[in-house]
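*Asks:* Model the following, please.
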Amino acid sequence: MDIDRIHTPVMLERTIALLAPAIEADDAVLVDATLGMGGHSRAFLERFPKLTIIGLDRDTDALGIARERLAPFGDRARFVHTVYDGIGEAVRAEGYHEVQGVLFDLGVSSLQLDRAERGFAYSKDAPLDMRMDVTTGRTASPMPVALQRQGHPAKRVFQALRIEVNEELSVLQEAMPAALDAVAVGGRIVVLAYQSLEDRIVKRALQAAASSTAPAGLPMELPEHRPEFRLLVRGAELASEAEQAENPRAKPVRLRAAERVRRPS
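*Replies:* Sure thing, here's the model as predicted:
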């Protein structure tokens, strides 16, 4: 399989630019919370020769491919089979209490879409599995047949089935505060979301973290009420027109990012 042909990391240069100020130190650690086939991680390991990456993924197929692709980097690349709401436990299990960067590239991966047997694409005749972690949980095949056979208009149905099978929204609700808590002062988090429900969760979490907690009516903001994070981009950034033309999977992406400026006292 030509991994580089089927897997082009979305908004790679932008994610590198946003995370670089936080991960240039010799002892920096970046959590790739959605490791996939390791495209983003490989680029980061190449650009930052002192960086350690903790890669998380629930998909054992993807983890196996990532292990092979990142093997040349030795113990600078570490791998954890977990859903990304387990980010806190994964960081601690690797011997750290905080990290300098966190990257989420949400949604379904190229591997899952392109392998017909995984059942993620309505354009392929295959069993309707849709589990990101094929070692556990229910498949989508008990769902009503009428909903499975709507042709191309079934795009939203397939997306809804995938989200339900993998509990993606509830997992993300738990993962965002856990990820923010893991970020050190001066550390940064970048999130790539591909559908509006995901993006809304990310937006609310980052906006809350970047907002003052001072009660209304106070004449001045006390230090303990100051925001813990600052937003690094205005709203949500889109992929450039050139990238969207070259990589169709970049079309729906919405990028948000923030930097931790203080920890609560």
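
*Asks:* Off-centre distance for stretch 97-113?
*Replies:* Average the C-alpha atoms of stretch 97-113, do the same for its chain, and the two points are 3 Å apart (CA atoms, centre = their mean, to the nearest Å).

*Asks:* And for stretch 80-90?
*Replies:* In terms of CA atoms, centre = their mean, the centre of stretch 80-90 is found 12 Å from the chain centre.

*Asks:* Let's see it as PDB, backbone CA atoms only.
*Replies:* Output of stretch 80-90 as PDB, limited to C-alpha atoms (Å, rounded to 0.1, in the frame of the first residue of the first chain):
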ATOM      1  CA  VAL A  80      -1.000   4.200  22.900                       C
ATOM      2  CA  HIS A  81      -4.100   2.200  21.900                       C
ATOM      3  CA  THR A  82      -6.900   4.300  23.400                       C
ATOM      4  CA  VAL A  83      -9.700   6.600  22.600                       C
ATOM      5  CA  TYR A  84      -8.600  10.300  22.800                       C
ATOM      6  CA  ASP A  85     -10.700  11.000  25.900                       C
ATOM      7  CA  GLY A  86      -8.000   8.900  27.600                       C
ATOM      8  CA  ILE A  87      -5.400  11.500  26.900                       C
ATOM      9  CA  GLY A  88      -4.700  12.300  30.500                       C
ATOM     10  CA  GLU A  89      -4.100   8.700  31.500                       C
ATOM     11  CA  ALA A  90      -1.900   8.200  28.400                       C
END
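
*Asks:* Helices along the stretch 101-250 of the chain, start to end?
*Replies:* Ranges of helices in the stretch 101-250 of the chain, per DSSP state H, counting those that start in this stretch, are 110-114, 145-148, 155-165, 168-182, 196-209, 241-246.

*Asks:* how about low-confidence regions in the protein?
*Replies:* 1-7, 109-141, 143-168 (pLDDT under 70).

*Asks:* Do a quick rundown of the strands in it.
*Replies:* 29-32, 52-57, 77-81, 99-105, 183-193, 229-231, 254-260 (DSSP state E).

*Asks:* same for the second one, what does it pack against?
*Replies:* In this structure, strand 52-57 packs against strand 29-32, helix 39-47, helix 60-70, strand 77-81, helix 87-93, with contacts taken as 3 or more CB pairs under 8 Å, 6 or more residues apart in numbering; DSSP states H and E. Placement of C-beta: from N, CA and C, glycine included.
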